[in-house]
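For reference, the sequence and a predicted model appear below.
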Amino acid sequence: MSEPVRIGVVGYGLGGRAFHAPLIASAAECALVGVVTTNADRRAQLAEDHPGVAALDDLEALVDAGAEAVAISSTTGTHSELTDAALDLGLHVVCDKPLAIDAAHAAASIARALERGLLLTAYQNRRWDSDFLTIKRLLAEGALGDVYRFESRFERWAPGAPRAWWRAELPPELGGGVRLDLITHLLDQTMQLFGPVASVYAEIGVRRAASIAEDDVCVLVTHVDGTSAQLFANTMSGDVSRRFRVLGTEGAYVVGGVDGQEDALRSGATPASAGDSWGVEPEAAWGHLARGAELTVVPSERGRWDTFYPAFARAVRGEGPLPVDPYEALGVLVVLDAIAVSAAENRVVSLV
């Protein structure tokens, strides 16, 4: 690339601070030019984390600072408004998942980007989780035979936490709840593996006294190819040991825990500071291939969240595809909308 793509970030909560700014700053293809936040504490944190990076008041100030693109890292209910405002200012956009609060708003933003000749993508970083990349490898190798069931979980134990990163403290109309947060990741992963969805059945509940939006969602997805996917997101699960269980005619792949890149970023590590050790899972975190009582340890692929922003920068320069096609993000929202209908009406919703 001739020069780094100048990128700003909107929001410096957990998402902006841990999931976007350090990955942008670590990428040689990118330059972090500013962060939009008016919160005094977050401005002070930005100055500590990224000395010299400007704290700005609004998107217009980000454009004045020379930004070509922006990462929107705000609450889900504000995604469409901020995305559209950024596009109107001529900025390419990375929008945190989900792309909007529903499919209609996402489709409108995609059309807006096309009209303006700008790029819009969704930050579906869990496509580059270590365990998910390992599953992709096993499927490509045919190690599991014909897969007929895919089980995927993001479950936590936080019965009394008043606030948490799954945003169950926000009302649903502002994008709160694990359906639009955690289930978005799980749906995107299963659709990447097994393709379009034929039907969904969902149950949604509020379990914690601290929640005002759904914090317990279970979804049965039937893919067009016949694969059954069972997806669970829960903040009241006393058992947090399970992550993936993939069943096939030649065996099962089972792995627990959660990819370590999030904890690394939360602790202040970055791809730049970690080097070649970034995303490498310890052997204790590896999953196994099970065939009855026969268990074989499966080395995990290296997690690669660090590849998202370099790929986005290349796309901005016309040198490669977007890391996440916005129409794939729209497809996920179509299914998320169907999940809401299924739970509200207690029925299977067909999508084909």
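Arrived safely.

Check whether Ala143 really touches Gly251, as I assumed.
Yes. With contact defined as C-beta atoms under 8 Å, Ala143 counts as touching Gly251 (7.2 Å). (Glycine included, C-beta is placed from N, CA and C.)

Which neighbours do the two have in common?
Leu289 (C-beta atoms under 8 Å, 6 or more residues apart in numbering).

Of the two, which one has the most company?
Neighbours per residue (other C-beta atoms under 10 Å) separate Ala143 from Gly251, with Gly251 holding more: 20 against 17.

Okay, and the beta partners of that one?
Gly248 (DSSP bridges).

I'd like to know how far it sits from Gly142.
11 Å (C-beta to C-beta, to the nearest Å).

and if you look at Arg156?
34 Å.

what does Glu173 give?
Taken as C-beta to C-beta, the span from Glu173 to Gly142 is 46 Å.

more crowded one of Arg156 and Gly142?
Each of Arg156 and Gly142 has its neighbours counted (other C-beta under 10 Å); Arg156 has more, 20 against 11.

buried residues in whatever helix or strand Glu115 lives in?
Element membership for Glu115, per DSSP states H and E: helix 103-116. Under the neighbour-count criterion of 16 or more other C-beta atoms under 10 Å, helix 103-116 has 103, 105-107, 109-110, 112-113 buried.

Beyond it, next helix or strand please.
By DSSP H and E, the next helix or strand past helix 103-116 is strand 120-123.

Pull up the pairing partners for that following strand, direction included.
strand 92-96 (parallel).

who's in contact with the partner strand?
Under C-beta under 8 Å, 6+ apart, the answer for strand 92-96 is 7, 15, 19-20, 68-74, 76, 79, 82-83, 86-87, 109, 113, 118-123, 309, 312, 316.

Just those residues: which are in helices?
Among these, the members falling in helices (DSSP state H) are 79, 82-83, 86-87, 109, 113, 309, 312, 316.

Nearest to Leu336 among those residues?
His79 (13.0 Å; C-beta to C-beta).

mind listing the helices for the protein?
Under DSSP H, the chain gives helices at 14, 21-26, 40-49, 59-64, 79-88, 103-116, 130-141, 182-194, 261-266, 271-274, 308-316, 326-345.

low pLDDT regions in the stretch 101-250 of the chain?
Within the stretch 101-250 of the chain, the stretches with pLDDT under 70 are 162-166.

90 instead?
158-176, 208-213, 235-236 (pLDDT under 90).

Just name the closest of the buried residues of helix 103-116 to Glu60, please.
So of these, ranked by how close each gets to Glu60 (C-beta to C-beta), first place is Arg112, at 17.8 Å.

Distance from stretch 9-27 to the middle of the chain?
Its chain's average C-alpha position is 14 Å from that of stretch 9-27, according to C-alpha atoms, centre = their mean, to the nearest Å.

Next, the buried residues of it.
By neighbour count with 16+ other C-beta under 10 Å, stretch 9-27 contains the buried residues 9-13, 15-27.

cool, stretch 76-96 as well?
Here stretch 76-96 shows 76-80, 82-87, 89, 91-96 as buried, counting by 16+ other C-beta under 10 Å.

Nearest residue to Trp128 in space, please, no chain neighbours.
Arg304 (4.3 Å; C-beta to C-beta, 6 or more residues apart in numbering).

quick one, what contacts that neighbour?
Contacts of Arg304 (C-beta under 8 Å, 6+ apart): 128, 133, 279.

Most neighbours of all those residues, which one?
Gly279 (23 neighbours).

which phi and psi does it have?
Per-residue torsions, Gly279: phi 80, psi 0 (degrees, to the nearest 10).

Let me see the contact set for it.
Gly279 makes contact with 128, 130, 260-261, 271, 302-306 under the criterion C-beta under 8 Å, 6+ apart.

Give me the pLDDT for it.
Listed pLDDT for Gly279 reads 98.

And it, how close does it get to Arg153?
Distance from Gly279 to Arg153, by C-beta to C-beta: 21 Å.

How about Ala111?
As for Ala111, its distance to Arg153 is 35 Å (criterion: C-beta to C-beta).

quick one: Ser152 and Ala252, what's the gap?
To Ala252, Ser152 is 13 Å away according to C-beta to C-beta.

the more surrounded of the two?
Using other C-beta under 10 Å, the more surrounded residue of Ser152 and Ala252 is Ser152, with 26 against 19.

just checking, the more buried one touches Arg243?
Yes. Between Ser152 and Arg243 there is a contact at 7.4 Å, judged by C-beta under 8 Å.

quick one on the thing from earlier: show me what the helix holding Glu115 is packed against.
helix 79-88, strand 120-123, helix 326-345 (3 or more C-beta pairs under 8 Å, 6 or more residues apart in numbering; DSSP states H and E).

So which bits of the second one are buried?
Translated: strand 120-123. Applying 16+ other C-beta under 10 Å to strand 120-123 flags 120-123 as buried.

Please apply the same query to stretch 250-270.
251-255, 257-262, 264-265, 269-270.

distance between it and the chain's centre?
That offset, for stretch 250-270, works out to 14 Å (C-alpha atoms, centre = their mean).

Now do the same contact list for the most centrally placed residue in the chain.
For the chain, Gln124 is the residue whose C-alpha lies nearest the centre (C-alpha atoms, centre = their mean; 3.6 Å). By C-beta under 8 Å, 6+ apart, the contact set of Gln124 is 97, 184-185, 188, 324, 328-329.
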